[in-house]
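**Student:** Return a 3D structure for these sequence lines:
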Amino acid sequence: MTEVAVVGAGLMGHALALVFALGGHQVRLTDNDAETLERAPGLMATALATLAEAGEVDASWNRQRLSQAVRCIPSLRETVAGAKLVVEAIVERPDVKRALYGQLETLIDSDTILASNTSNLDIFPLVPSGLQQRTIIAHWYTPPYLCDLVDLCPGPRTDPAAIATMRDIVTAMGKAPVVFKQMVQGYVANRLQAAMQLEVYRLLDEGLVTPKDIDDSVIHGLALRIPILGIMAKADFTGLLLMQQGMKNRSYTPPQPRDHSDTLDALIASGRTGVMSGKGYFDWGDRNPEQLFQERDKKLLKLKQALRKIGPMEGRH
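**Tutor:** Numbers count the residues shown, from 1 in each chain. So this is what the prediction gives:
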């Protein structure tokens, strides 16, 4: 068991606290926003109930045991004191992260590992020199209590032992770490998602399709094959000669990177910011966010359990 401190109790932070608790660790969770920290136990309890209903956690797990495994503490100093692992899950702003790292340098023990959950930022230039050797990126996918992928990246001065320790921790919790030799901006999954998102913005902004057209194309096409074949094995089954010819016969130009989408900007300007506001690309009706997240989690669990039985197609490396 490791003493784990999670800094940031928002969408990812509270979920990561739950993951580490279920993995057998003692967790302390903090946030500088009192309302966010106050909301975290309820969100964790809802996710735990969904996991329990699906038989994914031991029957002894209930709200009382969860409250003993995860303590919500307003004080950053008290949260990180004595922790062997500090998980940073705060907003993706360089200035805010830099300020937090500066605080942590004076608060955490000399052998504590600092693991950032950053999605895209190269955090290592923001980290004080005194923390460089024990700072890593450990990037999880949402919801982390269902998605098993964890990206592990060292910085230029990271001690390899820190990466090895984190790999062992997440592997022991049943997760699937991908260990990079260096910082890879966007990792693999986020790079693929970013490329797809460029296409999505272009298709919508040019008025060629609707949001439902896009989701139908993914759900009834890509999504059926990817869980079994991934991307590279799918190419083998398609045939590499056909893949090669497809590149030569490309009939359109992929979109260039952009810093905005007219469609996206218009939705946000009208207050449609996604599930938390009740509307985004779609209208989610009168269901509150907790109900929507729970429905999503239940469906993902059924899919995960089915895929576990089916298993992927695996070739030799």
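**Student:** Quick check: residue 207 vs residue 272, distance?
**Tutor:** Here the distance between residue 207 and residue 272 works out to 18 Å (Cβ to Cβ, to the nearest Å). Using the backbone N, CA and C atoms, a C-beta is placed for each residue, glycine as well.
**Student:** give me the number of residues near residue 150?
**Tutor:** Other residues near residue 150 come to 26 when the count uses other Cβ atoms under 10 Å.
**Student:** Which helix or strand contains it?
**Tutor:** Using DSSP states H and E, the element containing residue 150 is strand 149-154.
**Student:** That strand pairs with which strands?
**Tutor:** strand 135-140 (antiparallel), strand 176-179 (parallel) (DSSP bridges).
**Student:** Compare residue 207 and residue 272 and say which is more crowded by neighbours.
**Tutor:** Using other Cβ under 10 Å as the criterion, residue 207 and residue 272 rank with residue 272 on top: 16 against 8.
**Student:** Could you pull up the contacting residues of the closest residue to that one other than its chain neighbours?
**Tutor:** Using Cβ to Cβ, 6 or more residues apart in numbering and skipping the chain neighbours, the partner closest in space to residue 272 is residue 279 (4.2 Å). By Cβ atoms under 8 Å, 6 or more residues apart in numbering, the contact set of residue 279 is 271, 272, 273.
**Student:** any weak-confidence spans in the stretch 1-150 of the chain?
**Tutor:** For the stretch 1-150 of the chain, residues meeting the criterion pLDDT under 70 lie at 1.
**Student:** swap the cut-off to 90 and go again
**Tutor:** Within the stretch 1-150 of the chain, the stretches with pLDDT under 90 are 1-2, 11, 58-59, 119-120.
**Student:** All the helices of the stretch 51-200 of the chain, residue numbers only.
**Tutor:** Counting by DSSP state H, counting those that start in this stretch, the stretch 51-200 of the chain has these helices, from start to end: 63-69, 76-80, 94-107, 160-172, 189-205.
**Student:** Give me the buried positions along the shortest one.
**Tutor:** Spelled out, that is helix 76-80. 76, 79, 80 (16 or more other Cβ atoms under 10 Å).
**Student:** same deal with stretch 74-93?
**Tutor:** 76, 79, 80, 81, 83, 84, 85, 86, 87, 88, 89, 90.
**Student:** Among the buried residues of helix 76-80, which one sits closest to residue 215?
**Tutor:** Of all those, residue 215 sits closest to residue 79, with 39.3 Å by Cβ to Cβ.
**Student:** my guess is that closest one meets residue 5, correct?
**Tutor:** Yes. Counting by Cβ atoms under 8 Å, residue 79 touches residue 5, with 4.9 Å between them.
**Student:** any shared contact partners between those two?
**Tutor:** Shared contacts of residue 79 and residue 5 (Cβ under 8 Å, 6+ apart): 28, 29, 30.
**Student:** quick check, nearest of the residues you listed to residue 142?
**Tutor:** Residue 142 has its nearest neighbour among those in residue 29, at 16.6 Å by Cβ to Cβ.
**Student:** That closest one: how many residues sit nearby?
**Tutor:** Using other Cβ under 10 Å: residue 29 sits among 28 other residues.
**Student:** The helix or strand containing it packs against which elements?
**Tutor:** If you go by DSSP H and E, residue 29 is part of strand 26-30. Applying 3 or more Cβ pairs under 8 Å, 6 or more residues apart in numbering; DSSP states H and E, we find strand 26-30 packed against strand 3-7, helix 13-22, helix 34-53, strand 70-72, helix 76-80.
**Student:** Would you convert these into TSV that also reports distance to residue 142?
**Tutor:** As requested, the helices and strands packed on strand 26-30 are exported to TSV (distance: least, Cβ to Cβ, whole Å):
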stretch	distance to residue 142
strand 3-7	15
helix 13-22	7
helix 34-53	11
strand 70-72	18
helix 76-80	22
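**Student:** can you state the direction angle for the longest helix along the chain and helix 13-22?
**Tutor:** The helix that spans the most residues within the chain, counting by DSSP state H, is helix 289-310. Angle of helix 289-310 versus helix 13-22, following axes from the mean of the first three to the mean of the last three Cα atoms, to 10 degrees, is 50 degrees.
**Student:** Now do helix 289-310: which elements does it pack against?
**Tutor:** Applying 3+ Cβ pairs under 8 Å, 6+ apart, one finds that helix 289-310 contacts helix 34-53, helix 223-229.
**Student:** Give me the residues contacting it.
**Tutor:** By Cβ under 8 Å, 6+ apart, helix 289-310 touches 42-43, 46-47, 50-51, 53-54, 56, 143, 146, 227-228, 275-276, 284, 287.
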